[in-house]
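A.B. asks: Got a predicted structure here, sequence first:
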Amino acid sequence: MHKHIKEVSVIKEDNSRRSFFKKAAAAVGLVAAAGYTKNVISKSSSSTGDAGAKYAADIASQEKAVLGNQLILMTDDEKKQRLDALLNCHYQEIA
Amino acid sequence: MSKEKIEGLKEAEEVQQGRREFLKNVCVSSVAGLVATSTSAEASVDATNPDADVTVAEFFQGHFILMSEEEKQKAIARLEKRYSAQYKKKTTVSNTPAPDGVLFGYALDISKCIGCRRCVHACVKENNQSRHDPEVQWIQVMKMPKGNIAFTAENLDKGYPEKSEFGDYGVQVGGNAYKTAGLSTEDAQNYYNDDLVPDRDFFYMPVQCQQCEKPPCVKACPVRATFRDHAGVVLIDYNWCIGCRMCQLACPYHARRFNWGEPNLPAEEMNPKTHYFGNRPRMRGVMEKCTFCVQRTREGRNPACLEACPVGARKFGNLLDPESDVRRVLATKRVFRFKEEYGTYPKFFYYIG
């Protein structure tokens, strides 16, 4: 009877140890996969060709934003208003 | 209790102890592994691995403005250590606060600018921008035909109020009436490559961050990584920036630059005198822009672009001081408004002297 109990406990012990190793191996695998994925993503996003096109697109959008506009001459009143608005905004924030 | 039972219990206890030991070992080795990983990340700063640019501690640091003084000093020490190792020269990262009683403003004389782009290159050098593939420039110079000028100086005084049977309401006719009193960027070129400048039929207009008093980029930032300091300069905490580019979309002047790739900054060209919010080297995936050379202006110096200008077209000063250059320009020169319809109140003024 006692022998039987001992055997069962040994089997249970083996099972739990095995399942623990299984879980540990799975966790290690998961971490490795995450690391690999991260590397793949960062490599693809840092490829210079791709980045070059994106820089060019940014510059084109700036051109679009700035061109086709007008610089309008301000009257003395407008200049005063602008300055007053800037100073008011500043003093309000400081207060 | 029988002898056999006692032995069984003893064995079970031994097994349990073995398991406990094992788990203890696993925990200890995991902790040791984590420590080793973070240490290696810190230690690998002098390696060429670009991933070492952001250390674990940097990754977890908060917004610089919200840090305690001690945390700020630690963050700065970390950066100085990393930059010094990476660029093989003693690098300082300053944390000089914005001066009180100052509101920085900038004025640029379009009639004086000769389009030499010295300001552009001085800015690139001073602010540790990417040097190649591509060279990131915060200032873009536009070349505009002078024929675009819609009003004429001769007609300035030729307008008069229209008389009407209902009375004189001061509606102006004649002279420059019904003409846009300004310049148009309609036929401007952003990328001119002239052997000789200036071309006398053209105006040159450098465009950079306008340091708006009501900056839409600040409103658009979902994490408050970009903010305006009390001297009126819009800054970015590069470590807090998540690279969403909302600010770039919000800026009416498109004055912000995003680092799509790892910036290429050769060690021998790196400017080692940096500021946390200014010209310290940036990393991939963050936004950058003109800061009025915060590392200089917070110490009472002029921006690099102004110092480089060979014709004195650039003026910088305190808008709160009526005797400053910028205030004098506003008081005495013909000043233009540019994209004012966005209501952002830029503190960068274009004028004709």
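C.D. replies: Received the coordinates, thanks. Numbering: from 1, shown residues only, chains lettered A, B, ... in the order given.

A.B. asks: distance of the residue positioned nearest the centre of chain B from A:Tyr91?
C.D. replies: The residue lying closest to the centre of chain B (C-alpha atoms, centre = their mean) is B:Lys289, at 2.7 Å. Distance, B:Lys289 to A:Tyr91, using C-beta to C-beta, to the nearest Å: 26 Å. (Glycine included, C-beta is placed from N, CA and C.)

A.B. asks: what about stretch A:18-35, distance to the chain center?
C.D. replies: What separates the centre of stretch A:18-35 from the centre of its chain is 25 Å, taken as C-alpha atoms, centre = their mean, to the nearest Å.

A.B. asks: what is the mean pLDDT for it?
C.D. replies: Stretch A:18-35 shows a mean pLDDT of 87.

A.B. asks: go on, stretch B:315-331?
C.D. replies: The model assigns stretch B:315-331 a mean pLDDT of 96.

A.B. asks: what does that stretch rub up against?
C.D. replies: Stretch B:315-331 is contacted by residues A:79, A:82-83, A:86-87, A:90, B:101-109, B:232, B:292, B:297, B:302-303, B:306, B:335, B:347, B:349, B:351 when judged by C-beta atoms under 8 Å, 6 or more residues apart in numbering or on different chains.

A.B. asks: Give me the buried positions along that stretch.
C.D. replies: Neighbour-count burial for stretch B:315-331 flags B:315-320, B:324-327, B:329-330 (criterion: 16 or more other C-beta atoms under 10 Å in any protein chain shown).

A.B. asks: One more: stretch B:295-307?
C.D. replies: Neighbour-count burial for stretch B:295-307, counted by 16+ other C-beta under 10 Å, picks out B:295-298, B:302-307.

A.B. asks: In helices only, show me the residues you listed.
C.D. replies: B:295-297, B:304-307 (DSSP state H).

A.B. asks: out of those, who's nearest chain A?
C.D. replies: Proximity of these to chain A (C-beta to the nearest C-beta) peaks at B:Thr297, which lies at 16.1 Å.

A.B. asks: Hmm, B:Gln189 is touching B:Pro145, no?
C.D. replies: No: contact between B:Gln189 and B:Pro145 fails when scored by C-beta atoms under 8 Å: they sit 9.2 Å apart.

A.B. asks: hey, where'd the helices end up in the stretch 1-150 of chain B?
C.D. replies: Secondary structure of the stretch 1-150 of chain B (DSSP state H, counting those that start in this stretch): helices at B:3-43, B:56-59, B:69-87, B:118-126.

A.B. asks: any weak-confidence spans in chain B?
C.D. replies: Within chain B, the stretches with pLDDT under 70 are B:1-6, B:8-19, B:22, B:26-54, B:147-154, B:156, B:179-181.

A.B. asks: how about 50 then?
C.D. replies: B:38-52 (pLDDT under 50).

A.B. asks: mind listing what's buried in stretch B:256-275?
C.D. replies: Residues B:256-263, B:265, B:270-272, B:274-275 are the ones in stretch B:256-275 that count as buried (16+ other C-beta under 10 Å).

A.B. asks: and chain A, which of those residues reach it?
C.D. replies: Filtering the buried residues of stretch B:256-275 for neighbours of chain A using C-beta under 8 Å from any C-beta of the partner chain leaves B:257-258, B:260-262.

A.B. asks: Tabulate those residues (JSON lines), appending distance to B:Val218 and secondary structure.
C.D. replies: JSON lines is the format used below for these (distance: C-beta to C-beta, whole Å; DSSP: H, G, I helix; E, B strand; the rest coil):
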{"residue": "B:Arg257", "distance to B:Val218": "17", "secondary structure": "strand"}
{"residue": "B:Phe258", "distance to B:Val218": "17", "secondary structure": "strand"}
{"residue": "B:Trp260", "distance to B:Val218": "23", "secondary structure": "coil"}
{"residue": "B:Gly261", "distance to B:Val218": "26", "secondary structure": "coil"}
{"residue": "B:Glu262", "distance to B:Val218": "27", "secondary structure": "coil"}
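
A.B. asks: Can I get those residues in TSV including distance to B:Glu213?
C.D. replies: Putting these into TSV (distance: C-beta to C-beta, whole Å) gives the following:
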residue	distance to B:Glu213
B:Arg257	22
B:Phe258	24
B:Trp260	30
B:Gly261	33
B:Glu262	34
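
A.B. asks: quick one: which of the residues you listed is nearest B:Ala85?
C.D. replies: Taking C-beta to C-beta as the measure, B:Ala85 lies nearest B:Glu262 of those, at 16.6 Å.

A.B. asks: Find the nearest non-adjacent residue to the closest one, please.
C.D. replies: Sequence neighbours aside, B:Arg284 is the residue nearest to B:Glu262 in space, at 4.6 Å (criterion: C-beta to C-beta, 6 or more residues apart in numbering or on different chains).

A.B. asks: What number of residues are in the vicinity of the one you found?
C.D. replies: B:Arg284 sits with 18 neighbouring residues when counted by other C-beta atoms under 10 Å in any protein chain shown.

A.B. asks: Would you confirm that it belongs to a helix?
C.D. replies: No: if the criterion is DSSP: H, G, I helix; E, B strand; the rest coil, then B:Arg284 is coil and not within a helix.

A.B. asks: any chance you could map the strands in chain A?
C.D. replies: Assigned by DSSP state E, the strands in chain A fall at A:70-73.

A.B. asks: Tell me the spacing between B:Tyr204 and chain A.
C.D. replies: 13 Å (C-beta to the nearest C-beta, to the nearest Å).

A.B. asks: Now do the same contact list for that residue.
C.D. replies: Going by C-beta under 8 Å, 6+ apart, B:Tyr204 touches B:110, B:113-115, B:141-144, B:197-198.

A.B. asks: part of a strand, is it?
C.D. replies: Yes: looking at B:Tyr204 with three-state DSSP, it is inside a strand.

A.B. asks: who's it bridged to?
C.D. replies: B:Lys143 (DSSP bridges).

A.B. asks: just to revisit the earlier point, and the residue nearest to the centre of chain B, what does it touch?
C.D. replies: Each residue near B:Lys289 by C-beta under 8 Å, 6+ apart is listed here: B:138, B:209, B:234, B:236, B:255-257.

A.B. asks: how about it, phi and psi?
C.D. replies: phi -170, psi 180 (degrees, to the nearest 10).

A.B. asks: Roughly how far does it sit from chain A?
C.D. replies: 12 Å.

A.B. asks: Repeat that for B:Arg118.
C.D. replies: 20 Å.

A.B. asks: the strands in the stretch 51-200 of chain B, which residues?
C.D. replies: B:92-94, B:104-109, B:140-145, B:160-161, B:172-173, B:182-184 (DSSP state E, counting those that start in this stretch).

A.B. asks: winner for burial among those strands?
C.D. replies: strand B:104-109 (a mean of 24; mean count of other C-beta atoms under 10 Å in any protein chain shown).

A.B. asks: Touching, B:Val335 and B:Tyr351? I think so.
C.D. replies: Yes: between B:Val335 and B:Tyr351 a contact is recorded at 4.5 Å, counting by C-beta under 8 Å.
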